[in-house]
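> give me a 3D structure for the following:
(chains A and B)
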Amino acid sequence: MIKFYNTLTKKKEEFIPIEDKIVRLYTCGPTVYDLAHIGNFRAYIFEDLLHRYLEYRGYKVIRVMNITDVDDKTIKGAKNEGISLREFTDRYIKIFLEDMEILRLKKPDYMPRATEHIKEMVELIKKLLEKGYAYYKDNSIYFSISKFPSYGKLSGIDLSKIKVGARVDADEYEKQDVRDFVLWKAAKEEEGVWWETEIGKGRPGWHIECSAMSMKYLGETFDIHTGGVDNIFPHHENEIAQSECATGKKFVNYWLHCAHLLVNGEKMSKSKGNFYTLRDLLNKGYNPIAIRYLLLSTHYRDPLNFTENSLKQAENTIKNYNEFYQGLNICAEEKYNPEIKKEIEKTREKFIEELDNDLNISPALSHIFNLIKKVNIYFSKGEFGKQNVKEVKEFLEDVDNVLCIIEKKEEFLPEEYLNLIKEREIARKNKNYKKADEIRNILKEKGILLEDTPYGTRWKKIG
RNA sequence: GGCCUGGUAGCCAAGCGGAAAGGCAGCGGUCUGCAAAACCGCUAUACGCCGGUUCAAAUCCGGCCCAGGCCUCCA
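Modelled structure (predicted):
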């Protein structure tokens, strides 16, 4: 039984999809005006874990990740560079997709762009106008939150306590009530970005795209909607309001939000100089799989404190994990140890049990490490066979459908080195240790480390 | 000001009422011809601080301190 913490009910609840064995999932995606930073990727990695784990548990997942390619920041960015909005956002979409691949983020089934769904947004706004939930003011269209009594149910916000003032953009758009939010922004000459539509000349507000696109691809009511905690209010609250008023139906059953990432215990910001994009870290030589692992290994609802030190630790973990995975290959014995299979199955059960519990990844990982320890004991005692190798590797590959941290390297050694290794094994058998050590040192200088195991000598490349 | 998180060993991080998972780093040992790897042991009488509830608290309650988030377009 899978349980998720639902922001809407503030409780852990059993997950029951609307349609058996199918999950309709909407994950808030990027606004493509700049490179995504690791804080953003924390959210995307959480969404990736959710996606992969649901599939691991046998669900067919239909997932949408929106791309916000029209908003104040993208318009401004394009204008600054004197290029079209399309050209500008295309560039960042391309980089984003590359970054996703580097971090092994599973591609959603749909990645709709806001600018390609103006028609759907207009339809939705028309519906809200017809039903009296929206009103025109100076050619912009606003949603009237006073018409939706349950406004605030997601964030638990008390409207009467909303501070009116500093952060309200008073001069730009006139609203009846400062707490109302904009559905459609009247065209502004200086922006140069607008669409001629039935509801007027203008461009969409931010919230409406997610409602329009999620409903288009997932239906008027769907299973899961995710994002960062900062999206709870106002973004997701507004999505609920506009969607439920338009359809008269419940919008989303489960709302999942991930906590923020901190850097050295502080909020990441450009002025503090603790701002990292994925590219920054790659340029420093960090292993992207370690970045993935680090962002993955803390529970999604807990704040994650990112430091380069912890990233180095993650690199070591990933290195050890993969050396274990690779290192089993040396064993080609015919013998079979039935205990291994039992341990694997126990581990698999615990792995599932933990992740079923609101994606509780840390203990799930600890069970895998405990298995590795047990396998190492049998392995070094010589109580291991090639069928066991296969079993263990298959298990790690199985959980890797969720974790994606195995680095499958096809590494080859030149013939002459392989011959040296053979020579050394003969020397060792003849107790000619001087020669054996010489060969080992020669190879070490070439960056090849030899390890003698009960099953023969294995090698690995060292950095 | 209102609402909400987190503060567990050198570092990262689980546990959330009944004898402190796991990872990384370090030290000592076992194995090994020697290494490497692995394994074993040691590194939190203790979970931000102070009180309280309880037979029993890291876990519940109150207060305080620190860090962070949201309060109209930030994942």
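
> output the contacting helices and strands for the strand or helix carrying A:Gly202.
For A:Gly202, the host element (DSSP states H and E) is strand A:200-204. For strand A:200-204, the packing partners by 3 or more C-beta pairs under 8 Å, 6 or more residues apart in numbering; DSSP states H and E come out as strand A:181-186, strand A:195-197. All C-beta atoms are positioned from the backbone trio N, CA, C, and that covers glycine.

> ok, which of those comes nearest A:Asp90?
strand A:195-197 (18.3 Å; C-beta to C-beta).

> what packs against that closest one?
Strand A:195-197 packs on helix A:118-130, strand A:200-204, going by 3+ C-beta pairs under 8 Å, 6+ apart.

> try 7 Å this time
helix A:118-130 (3 or more C-beta pairs under 7 Å, 6 or more residues apart in numbering; DSSP states H and E).

> A:Ile38 against A:Phe275, yeah?
No - using C-beta atoms under 7 Å, A:Ile38 is not in contact with A:Phe275; the gap is 9.0 Å.

> so what's the residue of chain A found nearest RNA strand B closest to, chain neighbours aside?
At 1.4 Å from RNA strand B, A:Gly228 is the closest residue in chain A, using C-beta to the nearest atom of the strand. In this structure, A:Gly228 finds its nearest non-sequential neighbour in A:Ala43, 4.7 Å apart by C-beta to C-beta, 6 or more residues apart in numbering.

> could you find the closest non-adjacent residue to A:Cys245?
That would be A:Tyr133: by C-beta to C-beta, 6+ apart, it lies 4.4 Å from A:Cys245.

> kindly report the same for A:Ala186.
Nearest one to A:Ala186, counting by C-beta to C-beta, 6+ apart, is A:Asn139 at 3.5 Å.

> and A:Pro112, by the same measure?
A:Met213 (4.7 Å).

> and that neighbour, that's in a strand?
No - applying DSSP: H, G, I helix; E, B strand; the rest coil, one finds A:Met213 to be helix, outside a strand.

> need the contact list for it.
For A:Met213, the contact set (C-beta atoms under 7 Å, 6 or more residues apart in numbering) comprises A:Val64, A:Asn66, A:Pro112, A:His117, A:Glu120.

> just grab the bridge partners of the first one for me.
I take that to be A:Val64. Beta-bridge partners recorded for A:Val64 (DSSP bridges): A:Tyr26, A:Tyr110.

> check whether A:Phe4 really touches A:Asp356, as I assumed.
No - A:Phe4 is not in contact with A:Asp356 according to C-beta under 7 Å; the separation is 9.7 Å.

> who has more neighbours, the two?
Neighbours were tallied for A:Phe4 and for A:Asp356 using other C-beta atoms under 10 Å; the higher tally belongs to A:Phe4 (21 against 18).

> name the element the more buried one belongs to?
strand A:3-6.

> and that strand, anywhere near RNA strand B?
No - shown here: strand A:3-6 not in contact with RNA strand B (C-beta under 7 Å from any atom of the strand), separated by at least 10.6 Å.

> following that strand, which helix or strand comes up?
Downstream of strand A:3-6, the first helix or strand assigned by DSSP H and E is strand A:11-14.

> show residues contacting that next one.
In contact with strand A:11-14 (C-beta under 7 Å, 6+ apart) are residues A:Met1, A:Lys3, A:Phe4, A:Tyr5, A:Asn6, A:Asp358.

> quick check on those residues: which are buried?
Among the contacts of strand A:11-14, those classed as buried by 16 or more other C-beta atoms under 10 Å are A:Phe4, A:Tyr5, A:Asn6, A:Asp358.

> now the two most distant members of these.
Top of the distance list for the buried ones among the contacts of strand A:11-14 (C-beta to C-beta): A:Asn6 and A:Asp358, 9.7 Å.

> can you pull the buried residues of stretch A:54-73?
Those would be A:54-56, A:59, A:61-71, for stretch A:54-73 by 16+ other C-beta under 10 Å.

> which members of those residues additionally contact RNA strand B?
Here is what survives when the buried residues of stretch A:54-73 are matched to RNA strand B using C-beta under 7 Å from any atom of the strand: A:Asp71.

> tell me the one of the buried residues of stretch A:54-73 nearest A:Glu196?
Nearest to A:Glu196 among these, with distances taken as C-beta to C-beta, is A:Val70, at 14.9 Å.

> shaky segments in chain A?
A:159-176 (pLDDT under 70).

> convert the strand holding A:Phe4 to PDB, retaining C-alpha atoms only.
Extracted C-alpha coordinates of strand A:3-6, given in PDB (Å, rounded to 0.1, in the frame of the first residue of the first chain):
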ATOM      1  CA  LYS A   3       1.000   6.300   1.100                       C
ATOM      2  CA  PHE A   4       1.700   9.900   0.300                       C
ATOM      3  CA  TYR A   5       1.600  13.000   2.500                       C
ATOM      4  CA  ASN A   6      -1.100  15.100   0.900                       C
END
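
> what does stretch A:313-321 contact?
Contacts for stretch A:313-321 (C-beta under 7 Å, 6+ apart): A:Tyr286, A:Asn287, A:Ile289, A:Ala290, A:Tyr293, A:Leu294, A:Ile405.

> export those residues to TSV and append columns for neighbour count.
Listed next are those as TSV, based on neighbours: other C-beta atoms under 10 Å:
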residue	neighbour count
A:Tyr286	19
A:Asn287	17
A:Ile289	22
A:Ala290	21
A:Tyr293	22
A:Leu294	25
A:Ile405	22
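
> and those residues near RNA strand B, which?
A:Leu294.

> now A:Lys201. Nearest residue, chain neighbours left out?
A:Lys201 sits nearest to A:Ala187 (C-beta to C-beta, 6+ apart), 4.4 Å away.

> just checking, the one you found touches A:Ile199?
No - between A:Ala187 and A:Ile199 there is no contact under C-beta under 7 Å: 11.7 Å.

> how near is A:Glu239 to A:Ile157?
Separation of A:Glu239 from A:Ile157 (C-beta to C-beta, to the nearest Å): 14 Å.

> give me the more crowded residue out of those two.
Per other C-beta under 10 Å, whichever of A:Glu239 and A:Ile157 has more neighbours is A:Glu239, with 27 against 16.

> right, and A:Cys223 touches A:Val23 too?
Careful, residue A:223 is Asp and not Cys. Yes - between A:Asp223 and A:Val23 there is a contact at 5.2 Å, judged by C-beta under 7 Å.

> give me the common contacts of these two.
With C-beta under 7 Å, 6+ apart as the test, A:Asp223 and A:Val23 both reach A:Pro17.

> contact residues of the stretch 201-350 of chain A facing RNA strand B?
A:205-206, A:227-235, A:258-262, A:265-268, A:294, A:297-299, A:301-305, A:307, A:309-310, A:312-313, A:316-317, A:320, A:323-324, A:327.

> filter those down to the ones in helices?
Using DSSP state H, the members of these that fall in helices are A:Trp206, A:Leu294, A:Asn309, A:Ser310, A:Lys312, A:Gln313, A:Asn316, A:Thr317, A:Asn320, A:Glu323, A:Phe324, A:Gly327.
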